[in-house]
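K.L.:
attaching a predicted model along with its sequence, questions to come.
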Amino acid sequence: MIDVKHLKTIATLKETGSLVNTARELFLTQSALSHQIKDLENKLDCQLFERKTQPVRFTPQGMLLLELASEVLPRVEATKCRLKESLNQPISQLRLSVECHACFHWLLPTIKEFNNFWPDIKVDYERGFSYDAIPDLLSDELDLVLTSDIREPDKLEYAHLFDFKLKLIVAPDHELAKKAYVTALDLKNETIISYPIPRERQDIFKHFIQNARFDGTLKTVDQGLLIFQLVSAGMGVAALPDWLVTPYESQGLIKSIPLGALGLTRPMYLAMKKNMKDNPVYRHFLNTCKLNNGR
């Protein structure tokens with residue numbers, strides 16, 4: 001009754017957030033996609049998502065199907081990979097580095113799941129975080145890099161994983177906590193707490209404050225938990241991905257605010273050499289990342 005193509009369609013709809021983008025991603029016409037989804041809903045006798053919502057909002061029944069997709073699709077992909085005999089050389093390890101401290105929140109469970117299917121392939125992330133890992137990827141010292149910034153696109157393949165919202169976090173009693181959103185001017189004299197990344201590479205400066213005047217202080221710390229503790233204590237503000245913010249905000253420790261009226265959305269990519277983009281092992285790691293990110 002439920003085919004793999006149905007699970008892939010639902011997972012892609014969750015990833016892209018719209019029918020138009022899903023049809024494009026699956027190389028279907030919108031008519032064919034709508035027919036496929038309607039046929040599935042008729043078979044299951046339930047509605048899977050609410051129409052005319054952006055992004056798509058799933059019903060409880062749709063969420064159950066998404067859970068099934070997250071369990072089944074990686075297994076299907078792993079089995080397909082094992083059946084293929086197209087690998088010229090066996091892969092024994094994937095050397096990985098990340099340009100996003102906060103990615104470890106969902107990356108480590110992703111690696112564990114990947115290794116459940118590929119126990120003989122070591123995912124080497126000993127290098128951990130690097131604010132500029134692309135040169136090592138180009139020099140063959142790395143195999144994969146998680147990044148939000150595209151560089152050297154003629155030499156590297158950037159597979160889009162997901163988009164995320166960057167949120168400003170403040171103490172609940174901070175004067176900015178009551179604002180519907182903040183502007184670059186609001187941050188002019190603030191102490192901004194961040195991971196130890198050069199200012200020119202930080203999203204809040206590169207894509208939000210930009211050329212606006214900033215007379216405040218930039219304070220760097222190594223640990224995400226310490227950032228939340230300092231912000232909660234009223235010792236500064238910070239800009240972090242929504243997936244990392246939600247658990248702390250739900251406890252009332254901090255308050256999150258959109259950066260700008262429309263919010264600040266950033267992409268996350270998995271970068272690799274172009275000649276590896278169709279490699280089954282790489283594709284499986286990519287798909288596992290998509291299904292296990294922090295959204």
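P.N.:
Perfect, I can see it now. Numbers count the residues shown, from 1 in each chain.
K.L.:
packing partners of whatever helix or strand residue 243 lives in?
P.N.:
Using DSSP states H and E, residue 243 sits in helix 242-250. Under the contact definition 3 or more CB pairs under 8 Å, 6 or more residues apart in numbering; DSSP states H and E, helix 242-250 sits against helix 104-117, strand 156-170, helix 224-232, strand 255-258. (Glycine included, C-beta is placed from N, CA and C.)
K.L.:
and the helices in this protein?
P.N.:
All helices of the chain, identified by DSSP state H, fall at 4-16, 19-25, 30-44, 60-83, 104-117, 134-138, 203, 224-232, 242-250, 280-291.
K.L.:
TSV for these, including mean pLDDT, distance to residue 92 and mean neighbour count?
P.N.:
TSV is the format used below for these (pLDDT from 0 to 100; distance: least, CB to CB, whole Å; neighbours: other CB atoms under 10 Å):
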stretch	mean pLDDT	distance to residue 92	mean neighbour count
helix 4-16	90	29	20
helix 19-25	88	32	17
helix 30-44	87	40	14
helix 60-83	83	15	16
helix 104-117	88	13	16
helix 134-138	91	18	17
helix 203	92	35	20
helix 224-232	93	31	18
helix 242-250	90	31	16
helix 280-291	88	10	21
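K.L.:
export those as JSON lines, with columns for distance to residue 179.
P.N.:
Compiled in JSON lines, the helices of the chain are given as follows (distance: least, CB to CB, whole Å):
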{"stretch": "helix 4-16", "distance to residue 179": "31"}
{"stretch": "helix 19-25", "distance to residue 179": "31"}
{"stretch": "helix 30-44", "distance to residue 179": "39"}
{"stretch": "helix 60-83", "distance to residue 179": "32"}
{"stretch": "helix 104-117", "distance to residue 179": "26"}
{"stretch": "helix 134-138", "distance to residue 179": "36"}
{"stretch": "helix 203", "distance to residue 179": "20"}
{"stretch": "helix 224-232", "distance to residue 179": "16"}
{"stretch": "helix 242-250", "distance to residue 179": "15"}
{"stretch": "helix 280-291", "distance to residue 179": "34"}
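K.L.:
out of those helices, flag the one nearest residue 54.
P.N.:
Within the helices of the chain, the stretch nearest residue 54 is helix 19-25; the backing value is 10.1 Å (CB to CB).
K.L.:
tell me the pLDDT at the residue nearest to residue 59 when sequence neighbours are not counted?
P.N.:
Leaving aside its sequence neighbours, residue 59 sits nearest to residue 47 (CB to CB, 6 or more residues apart in numbering; 5.5 Å). We have a pLDDT of 92 for residue 47.
K.L.:
which ones are touching residue 47?
P.N.:
Residue 47 is in contact with 41, 59, 61-62, counting by CB atoms under 8 Å, 6 or more residues apart in numbering.
K.L.:
can you check residue 256 too?
P.N.:
Neighbour list for residue 256: 167-169, 242, 245, 249 [criterion: CB under 8 Å, 6+ apart].
K.L.:
ok, so what distance separates it from residue 72?
P.N.:
Distance of residue 256 to residue 72, given as CB to CB, to the nearest Å: 34 Å.
K.L.:
output the below-cut-off pLDDT ranges for the stretch 151-295 of the chain.
P.N.:
293-295 (pLDDT under 70).
K.L.:
at 80 what do you get?
P.N.:
292-295 (pLDDT under 80).
K.L.:
closest to residue 17 among the contacts of residue 256?
P.N.:
Closest approach between these and residue 17, by CB to CB: residue 242, at 14.1 Å.
K.L.:
for the closest one, which non-adjacent residue is closest in space?
P.N.:
residue 165 (4.4 Å).
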